[in-house]
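Asks: my questions are about this predicted structure, shown below with the sequence.
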Amino acid sequence: MSKTYRAALVGCSRMGAFIDNEVVGTPHHVPPYSHAAGYEACDRTDLVAGVDLRPDVLEEFGKRYGVGSDHLYTDYKELIAKEQPDILSVATQPEQRAEISIYAAEHGVEALYCEKALCASLPEADAMVEACERNGVALNMGTNRRWHPGFDKMREVIASGELGALKTLIVYSNGTLFNTSSHTFDLMQRLNGDARATWVQGHLPQGDELIAGDELLDDPTAEGMFGFENGVTVYAMNSPRSSEYEAICERGVLTAQNNGVQFRQRQVHEYEVASRTIRDLGDGTFPDYEQASSTLRLIEDLVAALDRGDPVTRGGVRVARANMELIFGFVESHRRGGARVSLPLADPGIRLIRHGREARQPRYQA
Ligand SMILES: NC(=O)c1ccc[n+]([C@@H]2O[C@H](COP(=O)([O-])OP(=O)(O)OC[C@H]3O[C@@H](n4cnc5c(N)ncnc54)[C@H](O)[C@@H]3O)[C@@H](O)[C@H]2O)c1
């Protein structure tokens, strides 16, 4: 019989436990969305415990998920010692993530579901890679589009070569670096087969106020470009057109509309071999796919890694670290007046530290 894995949650707030209540009825909501709802839905995991610093959040979490008060904690080290979870979710803010994840990797946790952004600095990301690899720990970062079946099809069409080689990727609203670009950059990495990025050129509209020596005082909005070693260029725009993504290949264009609710494929009817541009795009047929919860698929990916006994997952700690390098590449490019920054990036010596930031109040009812 298949083993049921013990899952536990650090950070029982919105993404940890209650975010489904904020999006019920929206077209892009394919439940379960929160980590806790994902473990509840997965028939290979038992959600056994939770930890949060806020007693009210912890209590509501216990009530909603049927976790008794003797399995609710305010100290994650105590939870790990007493509950010995196989899988640990770290759904705090990025500032707390590295410390908790590294401690977990060194104290018997075998799989981590870390929210995005991975952490708060590049050295922290390096330390997470080191701790996961030394202890054989599987890690997936919660950039949900990596497990979205529609974006899987988009990747499959690109990889099949039917539209020719991928040349350009466009993000129509890049948002703030840690909160949103972590998602959009991860999607760009995924659509391009997780190729290595080699340069970044970025602008942070509020960067001059937010960068104070070695501290990044808030999560900055960002726009710019980056390039991969296979020659694909990403244009990450800051436009009012939200959550849309485009992949431009030699002979066609794939567009994810309305945050992946619809996908569109267009291709040239007649390809002019001599031309470097494509014209006369006509509608093609984007492949069918079944809707499925990206959170659940991410958890199932961790379960499969645990079943196999090797830490390889669709995401992985190195891809998540590369995502963090892109984020700090944008910060560094801004600091250098918008210069093009080559990757790998030397430690820019700066960390996200949001002094006095208060956690948000989760919505307990839909
Ligand atoms: N994947 C997605 O689509 C998605 C959506 C929303 C949020 N997120 C990400 O999820 C993370 C959490 O977001 P949120 O809005 O739920 O955040 P939040 O600030 O509302 O909640 C974080 C919780 O962590 C708790 N916490 C902090 N330090 C802790 C510690 N040492 N031990 C135990 N608990 C601790 C806080 O008390 C708080 O309740 C963020 O990184 C965010 O970017 C992802």
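Replies: Good, I have the coordinates. Numbers count the residues shown, from 1 in each chain.

Asks: next up, the contacts around residue 189.
Replies: Taking Cβ atoms under 8 Å, 6 or more residues apart in numbering, we find residue 189 in contact with 195, 197, 319, 322-323. All C-beta atoms are positioned from the backbone trio N, CA, C, and that covers glycine.

Asks: lowest-scoring secondary structure element of the chain by mean pLDDT?
Replies: Ranked by mean pLDDT, DSSP states H and E, the weakest helix or strand in the chain is strand 281-283, scoring a mean of 90.

Asks: which strands or helices does that strand pack on?
Replies: Where contact means 3 or more Cβ pairs under 8 Å, 6 or more residues apart in numbering; DSSP states H and E, strand 281-283 is packed against strand 262-268.

Asks: which residues of the protein score low on pLDDT?
Replies: 270-276 (pLDDT under 70).

Asks: what's the domain layout of the chain?
Replies: What the record gives for the chain is the domain set 5-143+295-315, 145-287+323-352, from automatic domain parsing.

Asks: of these, flag the one that's most buried.
Replies: domain 5-143+295-315 (a mean of 20; mean count of other Cβ atoms under 10 Å).

Asks: beta partners of the closest residue to residue 311 other than its chain neighbours?
Replies: Residue nearest to residue 311 in three dimensions, not counting chain neighbours: residue 138, with 4.0 Å by Cβ to Cβ, 6 or more residues apart in numbering. Applying DSSP bridges to residue 138 gives these bridge partners: residue 111.

Asks: relative to the ligand, which residue of the stretch 251-366 of the chain is the closest?
Replies: Among all residues of the stretch 251-366 of the chain, residue 359 sits closest to the ligand, at 3.4 Å; criterion: Cβ to the nearest ligand atom.

Asks: just give the number of residues close to that residue.
Replies: Look at residue 359: counted by other Cβ atoms under 10 Å, it has 14 neighbours.

Asks: in this protein, what residue spans correspond to helices?
Replies: Ranges of helices within the chain are 20-23, 35-41, 55-65, 76-83, 94-106, 122-135, 149-160, 182-191, 207-210, 294-308, 317-335, based on DSSP state H.

Asks: contact residues of the stretch 251-366 of the chain facing the ligand?
Replies: 359-360 (Cβ under 6 Å from any ligand atom).

Asks: one more pass at 8 Å, please.
Replies: Counting by Cβ under 8 Å from any ligand atom, the stretch 251-366 of the chain comes close to the ligand at 295, 357-362.

Asks: got the contact list for the residue of the stretch 151-300 of the chain found nearest the ligand?
Replies: In the stretch 151-300 of the chain, the residue that lies nearest the ligand is residue 179 (5.2 Å; Cβ to the nearest ligand atom). Residues near residue 179 by Cβ under 8 Å, 6+ apart: 117, 219.

Asks: pull up the gap between it and residue 161, please.
Replies: Per Cβ to Cβ, to the nearest Å, residue 179 is found 34 Å from residue 161.

Asks: circling back to that earlier point, the residue nearest to residue 311 reaches residue 308, doesn't it?
Replies: No: checked against Cβ atoms under 8 Å, the pair residue 138 and residue 308 is beyond contact range at 9.4 Å.

Asks: and the end-to-end length of stretch 304-315?
Replies: 13 Å (Cα to Cα, to the nearest Å).

Asks: oops, could you answer that again for stretch 309-316 instead?
Replies: Using Cα to Cα, the end-to-end distance of stretch 309-316 comes out at 15 Å.

Asks: kindly report the same for stretch 350-360.
Replies: Counting by Cα to Cα, you get 25 Å between the two ends of stretch 350-360.

Asks: quick test: name the residue nearest the centre of this structure.
Replies: residue 143 (2.1 Å; Cα atoms, centre = their mean).

Asks: residues touching the residue nearest to residue 262 when sequence neighbours are not counted, list them.
Replies: With sequence-adjacent residues excluded and distances taken as Cβ to Cβ, 6+ apart, residue 262 is closest to residue 256, at 7.8 Å. Going by Cβ under 8 Å, 6+ apart, residue 256 touches 150-151, 154, 244-246, 262-263.

Asks: residue 115 contacts residue 88, doesn't it?
Replies: No: contact between residue 115 and residue 88 fails when scored by Cβ under 8 Å: they sit 11.8 Å apart.

Asks: what's the separation between residue 44 and residue 339?
Replies: 48 Å.

Asks: check residue 260 too.
Replies: For residue 260 relative to residue 339 (Cβ to Cβ), the value is 34 Å.

Asks: among the domains of the chain, which comes closest to residue 366?
Replies: Residue 366 lies closest to domain 5-143+295-315 among these, at 4.4 Å (Cβ to Cβ).

Asks: just how off-centre is that closest one within its chain?
Replies: Distance, stretch centre to chain centre, for domain 5-143+295-315: 13 Å (Cα atoms, centre = their mean, to the nearest Å).

Asks: start and end of it, how far apart?
Replies: 20 Å.

Asks: next: stretch 60-79.
Replies: With Cα to Cα, one end of stretch 60-79 sits 18 Å from the other.

Asks: near the ligand at all, it?
Replies: Yes: between stretch 60-79 and the ligand, judged by Cβ under 8 Å from any ligand atom, the touching residues are 73-76.

Asks: tell me which of those is nearest to the ligand?
Replies: Nearest to the ligand out of the residues of stretch 60-79 next to the ligand is residue 76 (Cβ to the nearest ligand atom; 4.9 Å).

Asks: so the closest one makes contact with residue 107?
Replies: No: taking contacts as Cβ under 8 Å, residue 76 lies outside contact range of residue 107: 10.0 Å.

Asks: on that earlier part again, from residue 18, how far out is the residue of the stretch 151-300 of the chain closest to the ligand?
Replies: Distance from residue 179 to residue 18, by Cβ to Cβ: 18 Å.
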